[in-house]
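Q: Okay, predicted coordinates and the sequence, questions at the end:
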Amino acid sequence: MARNNELGAAKTAKKDEFYTQLTDIEKEMRYYRKHFKGKTVLCNCDDPFESNFFKYFVLNFNRLELKKLIATCYATSPIMGSQLKYCMDASGQMYISFDSELTADNNTKRPYKAVVSVVYDKTGDGGVDMFDVAELFRSGENQLTELSGDGDYRSDECLELLQEADIVVTNPPFSKFREYVSTLIKYDKKFIIIGNINAATYKETFPLIQHNKMWLGASIHSGDRAFYVPDDYPLDAAGCGIDESTGRKFIRVKGVRWYTNLDHKQRHEELILVKRYSPELYPRFDNYDAINVNITADIPCDYAGMMGVPITFLDKYCPEQFEIIGPESAPSNPETLNLGKDYSEYIGYSQDRVPNGRTGSTFGKRPVIEMDDKKHPYYEKDGRRVQTTYHRIFVRNKHPETPKEVQV
């Protein structure tokens with residue numbers, strides 16, 4: 001299956017055009033229905049008529065009671081026009097077209113924006129589908145307009161659309177996740193976007209999570225997800241293939257998460273803790289005043305000190321139950337959060353690697369703990385085999401139970 005190394009390779013090659021499945025979008029959006037009423041939604045990282053985000057919102061426009069839906073297309077998209085193409089009539093009105101209506105010059109790739117303010121059964125067949133959407137553009141009741149630039153979300157005209165929007169929902173390119181999030185924060189936008197779980201460790205995003213300015217979504221907490229990819233994407237990883245129903249290539253990616261700043265009830269559900277602390281079960285780090293917890297479910301219910309927990313703890317993070325530890329001088333203004341100190345010290349992250357059997361005393365800022373696992377890097381210290389753990393987030397339980405030994 002495609003793992004984080006596939007994502008890394010995609011970022012290096014800039015082949016990070018992953019297109020989200022409609023079912024995954026539907027499963028997540030149902031948690032935010034109350035947030036959409038009367039709002040303008042922007043999808044600014046996909047082609048309007050190739051993107052399942054656009055399809056979801058346009059086909060649920062009335063049920064969600066949206067005010068407006070805006071979607072933009074960028075000129076370099078590898079799948080632009082692969083499903084629906086746009087045309088120009090004699091009067092200059094742009095509209096989308098299905099294959100049976102195409103003319104010879106419709107393959108020209110030109111960026112455009114789609115603005116939807118009304119959706120109804122235009123064709124009179126008793127239901128609303130993409131044929132109705134197409135006809136509403138053809139009639140001019142909704143607007144399809146060429147962009148003057150390349151459609152990049154950072155362009156001036158796309159930033160104007162961002163300022164008009166209330167909520168941004170999309171799957172930004174993995175290679176641009178840091179900058180994309182920073183842009184949303186700069187313009188103080190509500191959002192629901194997709195990224196990798198490791199994106200939580202970026203210095204641009206970790207402060208947002210720590211200060212409860214951003215959190216994980218409700219529907220994805222484990223496993224992998226399938227994403228459509230362009231036709232020229234190499235399918236050289238296990239678990240990838242071609243969707244028989246659509247003929248499109250897909251790649252399966254582990255560690256995918258939704259990121260949002262729209263509240264949902266799941267983030268306020270406290271984690272049920274059943275384990276109790278004992279020094280034998282929870283060794284301390286050599287270079288941090290904290291105990292190590294390998295599995296989120298094993299967090300002790302009666303420990304009041306600092307704990308190093310896996311990144312996947314964020315799937316169960318309840319701000320009323322836990323505090324995420326960070327520097328006391330951390331900026332709290334969301335406009336400057338991404339300009340502050342590198343937070344790697346507080347997430348136990350380091351690029352440093354020490355080969356098996358290599359001695360040394362430096363592991364960067366990665367947490368160090370005594371272990372006896374010959375498969376992982378270690379060094380000898382005072383007769384002990386000391387190793388680094390994987391990424392850790394440091395947290396405290398706000399309301400720990402009283403330890404048994406002091407209960408009356």
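A: Received it, and whenever you're ready, just let me know what you need.
Q: what ranges do the strands span in the stretch 101-250 of the chain?
A: 112-116, 143-146, 167-170, 190-196, 215-216, 224-228, 241-242, 249-254 (DSSP state E, counting those that start in this stretch).
Q: Single out the most deeply packed of those.
A: strand 167-170 (a mean of 24; mean count of other Cβ atoms under 10 Å). For glycine as for every other residue, the C-beta is placed from the backbone atoms N, C-alpha and C.
Q: Do I have it right that residue 305 meets residue 396?
A: Yes. Taking Cβ atoms under 8 Å as the definition, residue 305 is a contact partner of residue 396 at 7.0 Å.
Q: Against residue 396, how distant is the closest residue to residue 73 other than its chain neighbours?
A: In space, and not counting its chain neighbours, residue 73 is closest to residue 47: 4.4 Å by Cβ to Cβ, 6 or more residues apart in numbering. Distance from residue 47 to residue 396, counting by Cβ to Cβ, to the nearest Å: 45 Å.
Q: Of the two, which one has the most company?
A: Higher neighbour count among residue 47 and residue 396: residue 47, with 26 against 15, using other Cβ atoms under 10 Å.
Q: Against residue 55, how distant is the more buried one?
A: 11 Å.
Q: What of residue 135?
A: On the measure of Cβ to Cβ, residue 135 and residue 55 end up 16 Å apart.
Q: re the thing from before, common neighbours of residue 305 and residue 396, please.
A: Overlap of the contact sets of residue 305 and residue 396 (by Cβ atoms under 8 Å, 6 or more residues apart in numbering) is empty.
Q: quick one: contacts for the residue nearest to residue 139 when sequence neighbours are not counted?
A: Leaving aside its sequence neighbours, residue 139 sits nearest to residue 122 (Cβ to Cβ, 6+ apart; 7.2 Å). Taking Cβ under 8 Å, 6+ apart, we find residue 122 in contact with 132, 135-136, 139, 141.
Q: which phi and psi does residue 122 have?
A: Reported as degrees, to the nearest 10, the phi and psi values for residue 122 are phi -70, psi -30.
Q: any idea which helix or strand comes after the one helix or strand in the chain whose mean pLDDT sits lowest?
A: Each helix and strand of the chain was given a mean pLDDT (mean pLDDT, DSSP states H and E); the minimum falls on helix 4-13 at a mean of 42. Of the helices and strands lying after helix 4-13 in sequence (DSSP states H and E), the nearest is strand 19-20.
Q: Now do the buried residues in stretch 63-75.
A: 64, 66, 68-74 (16 or more other Cβ atoms under 10 Å).
Q: The stretch 251-400 of the chain: strands as residue ranges?
A: 256-260, 291-292, 307-309, 322-324, 368-370, 378-381, 384-388, 393-397.
Q: Which one of these has the poorest average confidence?
A: For those, mean pLDDT drops lowest on strand 368-370, to a mean of 50.
Q: ok, residue 311 - contacts?
A: 197-198, 200-201, 347, 391-393.
Q: Out of these, which comes closest to residue 246?
A: Minimum distance to residue 246 across these is 27.4 Å, recorded for residue 197 (Cβ to Cβ).
Q: Looking at that closest one now. What's its pLDDT?
A: Residue 197 is assigned a predicted lDDT (pLDDT) of 90.
Q: Near it, how many other residues are there?
A: 22.
Q: And for it, nearest residue in space, chain neighbours not counted?
A: residue 255 (4.4 Å).
Q: so how far is residue 395 from the nearest residue to residue 135 once chain neighbours are set aside?
A: Closest residue to residue 135 apart from its sequence neighbours, by Cβ to Cβ, 6+ apart: residue 122 at 4.2 Å. Residue 122 is 53 Å from residue 395, where distance means Cβ to Cβ.
Q: Repeat that for residue 321.
A: Residue 321 is 10 Å from residue 395, by Cβ to Cβ.
Q: Do I have it right that residue 20 meets residue 194?
A: Yes. Counting by Cβ under 8 Å, residue 20 does reach residue 194; the two are 6.2 Å apart.
Q: any common contacting residues for the two?
A: residue 171.
Q: Just the buried residues of stretch 29-45, please?
A: Within stretch 29-45, judged by 16+ other Cβ under 10 Å, the buried ones are 29, 31-32, 35-36, 39-45.
Q: Ignore what I typed, I meant stretch 159-169.
A: 159, 161-162, 165-169.
Q: Distance to residue 268 and pLDDT for these - can I get that in JSON lines?
A: Listed next are the buried residues of stretch 159-169 as JSON lines, based on distance: Cβ to Cβ, whole Å; pLDDT from 0 to 100:
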{"residue": "159", "distance to residue 268": "33", "pLDDT": "96"}
{"residue": "161", "distance to residue 268": "32", "pLDDT": "96"}
{"residue": "162", "distance to residue 268": "29", "pLDDT": "97"}
{"residue": "165", "distance to residue 268": "26", "pLDDT": "98"}
{"residue": "166", "distance to residue 268": "23", "pLDDT": "98"}
{"residue": "167", "distance to residue 268": "20", "pLDDT": "98"}
{"residue": "168", "distance to residue 268": "23", "pLDDT": "98"}
{"residue": "169", "distance to residue 268": "22", "pLDDT": "97"}
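Q: Serialize those residues to a markdown table and add fields for distance to residue 314.
A: Shown next, in a markdown table, are those (distance: Cβ to Cβ, whole Å):
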| residue | distance to residue 314 |
| --- | --- |
| 159 | 30 |
| 161 | 30 |
| 162 | 26 |
| 165 | 26 |
| 166 | 25 |
| 167 | 22 |
| 168 | 21 |
| 169 | 20 |
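Q: and the nearest residue to residue 38 once chain neighbours are set aside, what does it touch?
A: Of all residues not flanking residue 38 in the chain, residue 67 sits nearest, at 5.3 Å (Cβ to Cβ, 6+ apart). Applying Cβ under 8 Å, 6+ apart, we find residue 67 in contact with 38-40, 117, 166.
Q: One more pass at 6 Å, please.
A: 38-40 (Cβ atoms under 6 Å, 6 or more residues apart in numbering).
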